[in-house]
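Asker: Sharing a model that was predicted from the sequence below.
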Amino acid sequence: MSKKGYFTELYVGGKSLLVGLGVTFKACLQPIVTVQYPREKLDITPNYRGHIELRRDPESGECPCIVCGMCARACPSGCITVEGEKKEGEKGKTLTVFALDFTRCSLCGTCVETCPKGAIDFSQDYNIAGFTREEFHYDLIRRLEERG
Ligand code: SF4
Ligand code: SF4
């Protein structure tokens, strides 16, 4: 390499380094928009769609599901299983199984819109991780009980 070529390369490299440092320095002066997850967590927007979950009626405190099975029939992915039993002396059925295979759910919302009793809604769960597919097979009755 000639002497002139050597200095040209040195100039171009130095200039590029200074431009890069300028960009970094500018970014350092910007307000911080990230958080130290998982130590810090941001509030989730109310419109966020996590997996579906059973909900309670705010007045009665009971889950208003009437075991009609419309959500399961409407689900395009076939990922909801609903079962119930008729107990003696009771008018309607009691919900015994409400299972969701979240590995197949597309979060389309058809089940939520179809439910005539407003018994299901989207959860706010976003930090869901697991090692097996089975970990994403949810018992939504148990989850409702755990939520209290
Ligand atoms: S959100 Fe859509 S895909 Fe998921 S369970 Fe409901 S109907 Fe099925
Ligand atoms: S969640 Fe709603 S649509 Fe599904 S079985 Fe219960 S009442 Fe019917």
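Answerer: That came through fine. Ligands and ions are numbered 1, 2, ... in the order given.
Asker: Specify the local secondary structure of residue 138.
Answerer: Put simply, residue 138 is strand when judged by DSSP: H, G, I helix; E, B strand; the rest coil.
Asker: mean confidence score for the longest strand along the chain?
Answerer: Secondary structure of the chain per DSSP state E: the longest strand is strand 93-101. For strand 93-101, mean pLDDT rounds to 96.
Asker: So what are the sheet partners of it and their directions?
Answerer: strand 80-86 (antiparallel), strand 137-139 (antiparallel) (DSSP bridges).
Asker: And the ones you listed: which comes nearest residue 148?
Answerer: Of all the strands paired with strand 93-101, the one in closest proximity to residue 148, counting by Cβ to Cβ, is strand 137-139 (15.8 Å). C-betas here are computed from N, CA, C, even on glycine.
Asker: So which bits of the closest one are buried?
Answerer: residue 138 (16 or more other Cβ atoms under 10 Å).
Asker: Do any residues in that strand lie close to ligand 2?
Answerer: No - using Cβ under 6 Å from any ligand atom, strand 137-139 never reaches ligand 2; the gap is at least 13.8 Å.
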